[in-house]
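In: okay, here's the prediction I keep looking at, along with the sequence it came from:
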Amino acid sequence: MNQSDHSFLALTAPGIAGLTPYVPGKPVSELERELGITGSIKLASNENPLGPGPLARAAIAACLNDIGRYPDGGGFELRRVLAEHHDVSSAYVTLGNGSNDVLDLVARVFLQPGTESLFSEHAFAVYPNATQSVGATARVAPARAYGHDLESMAALVTDLTRVVWVANPNSPTGTWLPTRALRDFIESLPTTCMVVVDEAYTEYVMEPDFPDASRWVGDYPNLIVTRTFSKAHGLAALRVGYALSDPRVADLLNRVRQPFNVNSLAQAGAAAAIGDRDHVRASVELNQAGMEQLTAAFDRLGLGYIASVGNFVSVDLGRPAEPVNQALLRKGVIVRPIGNYGLPNHLRVSIGLPDENGRFIDALGEILGT
Ligand SMILES: Cc1ncc(COP(=O)(O)O)c(C=O)c1O
């Protein structure tokens, strides 16, 4: 094949050519290399600024000597610990290379060309990506007040709908659904349609009426709940998440899962992290203080924002956010523009350490001239 022969492009599987790749937060090293600067901060990927807790760190260090061997492909110990944590049997647990991997497994098992998945406007970008990558069609329900409008979602369910994705809370908006509304919605769906409740940020939510959908997996065979160790547990780089579902669904997900999708450091770190309540508590407290610090600053600067229950908040600049984002980058502050989520005037900022939040606020104030 010569260089000008593009005929292989016609071989592309359905959906791939039109796929917009997920845009992750820019790494600090990349920004510093590009601009020749040092001392940058990243508040762009909703990581835990404390990183992992002491129990996870010790567990990871303890298995460094074993990394010459493949991990336990069945993740026996981690699944056992997670099952105990959620008071279900291990057969309910599917491990993923991050919860993103589990979302892809769901798409591969339940979607194909000619079928549809459904999610809300402004919902997490992996839902359209996972859908399109298997050649299925994405349906987008209009949001209400930036959050999921379950009525408009229900109205778009058809005979072709196989997966409904619900982020609770959602990123990048930080909006959430209360118990009754979510449960009624799940109950209203045909059992021929899977519903994924993505609880990546659940640990951060302090609202009394915030549901824990993991408790419902025994009630609804079409419910899949996903969780991650990338956020409150501070293990984003290790890539570990999981799904809870009816064992028959877990069995299907496990059929397409790569056998060694979760490495041994991740398995050990996650198994220790799930029991480290002190670290999660400290992380949540830091997050609450940081959220107050940021939202008070937005008030002072006269900026609106979307009230968020996660470890991030999207601020409304009232004008195109991209030039402000570029100016922030030049000051060594990395946040996330979210024009690709239909929010071109907003920037999503992850809650960092107090001095990192302060640096972002000062930089933003200088750029906006207030
Ligand atoms: C709503 C939501 N779900 C899932 C994920 C996936 O995270 P991970 O693959 O690191 O578990 C993210 C990450 O940003 C997210 O915001």
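Out: Perfect, thanks for sending it.
In: near residue 3, how many other residues are there?
Out: Using other C-beta atoms under 10 Å, residue 3 has 5 other residues around it. In short, each C-beta sits where N, CA and C put it, glycine included.
In: nope, residue 172 is what I was after
Out: 28.
In: surely it is in a strand?
Out: No. Using DSSP: H, G, I helix; E, B strand; the rest coil, the secondary structure at residue 172 is coil, not a strand.
In: report the beta-bridge partners for the closest residue in space to it that isn't next to it in sequence.
Out: Nearest residue to residue 172, sequence neighbours excluded (C-beta to C-beta, 6 or more residues apart in numbering): residue 348, at 4.2 Å. Beta-bridge pairing of residue 348 under DSSP bridges involves residue 314, residue 336.
In: go ahead and confirm residue 348 touches residue 314.
Out: Yes. Between residue 348 and residue 314 there is a contact under C-beta atoms under 8 Å: 4.6 Å.
In: which neighbours do the two share?
Out: Common neighbours of residue 348 and residue 314, using C-beta atoms under 8 Å, 6 or more residues apart in numbering, are 172, 338.
In: okay, now the closest residue to the ligand within the chain: neighbour count?
Out: Nearest to the ligand, among the residues of the chain, is residue 98, at 2.7 Å (C-beta to the nearest ligand atom). By the criterion of other C-beta under 10 Å, residue 98 has 25 neighbours.
In: same question for the one 10 residues further on.
Out: Residue 108 has 17 neighbours, counted by other C-beta under 10 Å.
In: same check on residue 289?
Out: As a burial measure, residue 289 scores 13 neighbours (other C-beta under 10 Å).
In: which phi and psi does it have?
Out: phi -60, psi -40 (degrees, to the nearest 10).
In: repeat for residue 45
Out: Torsion angles, degrees, to the nearest 10, at residue 45: phi -130, psi 20.
In: wait, it touches residue 336, no?
Out: Yes. With contacts counted by C-beta under 8 Å, residue 45 reaches residue 336, the gap being 7.5 Å.
In: for the two, indicate the residue with more neighbours.
Out: residue 336 (26 against 18).
In: any idea how far the more buried one lies from residue 322?
Out: 11 Å (C-beta to C-beta, to the nearest Å).
In: same deal with residue 196?
Out: When distance is defined by C-beta to C-beta, residue 196 is 31 Å away from residue 322.
In: among these two, which residue is more densely surrounded?
Out: When residue 196 and residue 322 are compared for neighbours, residue 196 comes out ahead with 28 against 14, by other C-beta under 10 Å.
In: pretty sure the more buried one is in a strand, no?
Out: Yes. According to three-state DSSP, residue 196 belongs to a strand.
In: report the beta-bridge partner residues of it.
Out: residue 165, residue 224.
In: touching, it and residue 162? I think so.
Out: No. If you go by C-beta under 8 Å, residue 196 and residue 162 don't touch, sitting 10.9 Å apart.
In: overlap of the contact sets of these two?
Out: What both residue 196 and residue 162 touch, as defined by C-beta under 8 Å, 6+ apart, is an empty set.
In: identify the residues contacting the nearest residue to residue 143 once chain neighbours are set aside.
Out: Nearest in space to residue 143, with sequence neighbours left out and distances taken as C-beta to C-beta, 6+ apart, is residue 121 at 4.1 Å. Taking C-beta under 8 Å, 6+ apart, we find residue 121 in contact with 140-143, 342.
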